[in-house]
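Peer 1: I would like to see how this sequence folds:
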Amino acid sequence: MRVSESPWDVRPVIDQIRERDVTELIGDPVNGSIHVDESGFVKKGTESVGVASQYCGRLGKVENCQGGVFLGYANGA
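Peer 2: A predicted model of the protein is given here:
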């Protein structure tokens with residue numbers, strides 16, 4: 001089964017996250033920071049989800065690749 005065909009429902013996950021305290025999810029909001037970054041992965045063929053001819057920062061040009069978004073948290077500890 002492909003990810004795009006999955007019957008998985010995101011709503012219960014979102015509801016569960018909403019019930020949590022923000023400090024439990026991201027740590028100290030005063031001394032920490034959240035970082036979001038997009039990165040491209042060169043791919044051959046079309047069997048992976050999201051593969052398309054698009055700009056790939058790793059190559060610095062348009063190429064057949066897959067994009068990923070990463071979320072990180074950093075603090076002074």
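Peer 1: burial count for the nearest residue to L59 once chain neighbours are set aside?
Peer 2: Using CB to CB, 6 or more residues apart in numbering and skipping residues adjacent in sequence, the residue nearest L59 is V42, 6.6 Å away. No exception for glycine: its C-beta is placed from N, CA and C like everyone else's. V42 sits with 12 neighbouring residues when counted by other CB atoms under 10 Å.
Peer 1: roughly how far out does the helix or strand encompassing I14 sit from the chain middle?
Peer 2: If you go by DSSP states H and E, I14 is part of helix 11-18. Centroid separation for helix 11-18 versus its chain: 17 Å, with CA atoms, centre = their mean, to the nearest Å.
Peer 1: got the buried residues for that helix?
Peer 2: For helix 11-18, burial by neighbour count (16 or more other CB atoms under 10 Å) applies to no residue.
Peer 1: and stretch 48-55, end to end?
Peer 2: 17 Å (CA to CA, to the nearest Å).
Peer 1: can you list the buried residues in it?
Peer 2: V51.
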